[in-house]
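K.L.:
sequence first, predicted coordinates after that:
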Amino acid sequence: MEPRESILRISEAMNRSVIGQQEVVERMLIALLADGHVLMEGLPGTAKTRSVKTLSRLVDSEFGRVQFTPDLLPSDVTGAEIYREQNATFEFQPGPIFGNLILADEINRAPAKVQAALLEAMEERQVTVTGTTHQLPQLFLVLATQNPIEQEGTYPLPEAQMDRFLLYVRVDYPEGENEAAILRLVRGEKSGDATEDPPKIEQEVVFEARRQVNAIHVAEPAEKYIVDLILGTRTPQAYGGHLAKWIQLGCSSRGTIALDAAARAHAWLAGQDFVAPENIRAVAPACLAHRIHLTYEAEAAGVSRTEAIEELLKVVVPV
């Protein structure tokens, strides 16, 4: 079976298990293909955790979960040196981050040192403890969640750290017509009548899919469109209107790289061998929304970062 067929089979299975969250499923698969991390923000009960656990069931991988709390220590995430009395030596005990698919649940509940330890591991793909460096697995994907309405006992991620995530995904409540389907799904799972998952795909299938994604052609006009979108966030005054009033700080070069990688993955999932403007526009909000900083005027007016990027897509058009 071709890698794309295997990934599409995963997509179908996830959409059966996570009803009404097709966009979330697509974004997670794009992150898997682009070798990036995902920050999911949504209210409780919107299947954030379920979607991550479902993906881990469908890929031959080791699942790790960290429930972030204010009293968590960096070593609780990365691991620590443990003294073995029987042979009078220290031995490194890996933390939960040494897995393939890592759920960082309620990341904004952890203090700054713990967040920094996790985000450093995400960026460097390694952990250094007492001078010894330990490599993380080749297949390593962090899916972090945060609750937007919790304020007490939370530590919001700084913009510079949010930049480490390839994609930002806003998880909303499913549409009304999906609620009955969710009820039937849960009843079936409890009674043992749920649809069985397809066979797990091997990690090598994911790596081959990534190689194919990297081979997707990006023509010069598509490259220019990506760059124009990034520059539009940095110089919004050049376009006037709402954009100039809403965006205070624009995207770094990480945004350029992320938009390119995600657009390639989106094109590959669609069966294309090249990136079109539609692929770039489809992933731009998820790639760029968490990388901009809004003005006080925009925040006072209740404008979200995603709305600012959608306004950007209206005024910056491909040539």
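P.N.:
The structure has been received and is ready for your questions.
K.L.:
hmm, Thr128 is touching His134, no?
P.N.:
Yes - counting by Cβ atoms under 8 Å, His134 is a contact partner of Thr128 at 7.4 Å. Every C-beta, even on glycine, is put in place using the N, C-alpha and C of the backbone.
K.L.:
more neighbours: which of these two?
P.N.:
Each of Thr128 and His134 has its neighbours counted (other Cβ atoms under 10 Å); His134 has more, 16 against 12.
K.L.:
which residues does the more buried one bridge with?
P.N.:
According to DSSP bridges, the residues that bridge with His134 are Val127.
K.L.:
Ile97 versus that one, what's the distance?
P.N.:
From His134 across to Ile97, the span is 10 Å (Cβ to Cβ, to the nearest Å).
K.L.:
between these two, which contacts overlap?
P.N.:
Gly79, Val127 (Cβ atoms under 8 Å, 6 or more residues apart in numbering).
K.L.:
can you verify Phe90 is assigned to a strand?
P.N.:
Yes - looking at Phe90 with DSSP: H, G, I helix; E, B strand; the rest coil, it is inside a strand.
K.L.:
residues in a beta bridge with it, which ones?
P.N.:
Listed beta-bridge partners, Phe90: Tyr83 (assigned using DSSP bridges).
K.L.:
what residues are up against it?
P.N.:
Contacts of Phe90 (Cβ under 8 Å, 6+ apart): Glu81, Ile82, Tyr83, Arg84, Thr130.
K.L.:
of the residues you listed, which is the most crowded?
P.N.:
Scoring these on neighbours with other Cβ under 10 Å, the highest-scoring entry is Glu81 at 14 neighbours.
K.L.:
how many neighbouring residues does Gln22 have?
P.N.:
By other Cβ under 10 Å, 13 other residues sit near Gln22.
K.L.:
cool, Glu159 as well?
P.N.:
Counted with other Cβ under 10 Å, Glu159 comes out at 13.
K.L.:
my guess is it contacts Arg305. True?
P.N.:
No - counting by Cβ under 8 Å, Glu159 stays clear of Arg305, with 10.4 Å between them.
K.L.:
what do these two both touch?
P.N.:
Common neighbours of Glu159 and Arg305 (Cβ under 8 Å, 6+ apart) are His290.
K.L.:
and Val142, helix, strand or coil?
P.N.:
Per three-state DSSP, the local secondary structure of Val142 is strand.
K.L.:
and it, what does it touch?
P.N.:
For Val142, the contact set (Cβ under 8 Å, 6+ apart) comprises His37, Val38, Ile102, Ala104, Leu118, Met122.
K.L.:
pLDDT value on it, please?
P.N.:
On pLDDT, Val142 comes in at 93.
K.L.:
quick check: closest non-adjacent residue to it.
P.N.:
Using Cβ to Cβ, 6 or more residues apart in numbering and skipping residues adjacent in sequence, the residue nearest Val142 is His37, 4.3 Å away.
K.L.:
okay, now that neighbour: neighbour count?
P.N.:
When counting by other Cβ under 10 Å, one arrives at 21 neighbours for His37.
K.L.:
gap between it and Cys251?
P.N.:
From His37 across to Cys251, the span is 17 Å (Cβ to Cβ).
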